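Chemist: got a sequence here, can you build the structure:
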Amino acid sequence: MADTPSSVWRNPIHFVAFGFGSGAAPVAPGTFGTLAAIPFYLLLQYLPLANYLLVVLVAFVVGCWLCDITSRDIGVHDHGGIVWDEFVGLWVTLIAAPPGWLWICVGFVLFRLFDILKPWPIRWLDRRVGGGFGIMVDDLIAGLFAWGVMQLLQLWVV
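Modeler: Predicted coordinates for the structure are as follows:
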């Protein structure tokens, strides 16, 4: 992974794009970024569903801007430390998840699997779509895939 640019600690846009610094982890920054999204989810989960979805939509749109600016400023498209997309991907995964740590952990694992393995069309999008939208969209789709599996699991377990 490329070194963490020093601007992450000085520029608030870079700091947020790097998941409030979680993307600066020397190994597995995407995993650390996803972990850093959990405390925010713990607050968001109490919102009515429509409000939760609105927050996720705004986080995605703002994330396109954050990630685009940060990647252009540091000169690396989709630097491994840019993890705002992991935040949004996990929040998508956990839409309407049953309460409790078990489901948060299941959602975390499912999202990381889809984000790492990148089944079609995730890998295709990751390689062909540029800019901030390109950084965000593959994790959005990974989150939707993980969300679908979570919904199916709920049918069997809950």
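Chemist: by contact count, what packs against the helix or strand of the chain with the lowest mean pLDDT?
Modeler: Ranked by mean pLDDT, DSSP states H and E, the helix or strand of the chain with the weakest confidence is helix 122-128, at a mean of 89. The elements that helix 122-128 packs onto, with contact taken as 3 or more CB pairs under 8 Å, 6 or more residues apart in numbering; DSSP states H and E, are helix 131-157. Placement of C-beta: from N, CA and C, glycine included.
Chemist: which strands and helices sit next to the helix it packs on?
Modeler: helix 49-74, helix 84-93, helix 101-117, helix 122-128.
Chemist: what residues does the second one touch?
Modeler: Same thing as helix 84-93. Contact with helix 84-93 is made by 16-19, 30, 33-34, 36-38, 40-41, 44, 55-56, 59-60, 63, 66-67, 107-108, 110-111, 115, 135-136, 138-140, 142-144, 146-147, 150, as judged by CB atoms under 8 Å, 6 or more residues apart in numbering.
Chemist: show me the shaky parts of this structure.
Modeler: 1-2, 158 (pLDDT under 70).
Chemist: nearest spatial neighbour of the residue nearest to the spatial centre of it, skipping sequence neighbours?
Modeler: Centroid-nearest residue in the chain: residue 86, 1.6 Å away (criterion: CA atoms, centre = their mean). Spatial nearest neighbour of residue 86, excluding adjacent residues (CB to CB, 6 or more residues apart in numbering): residue 33 at 4.0 Å.
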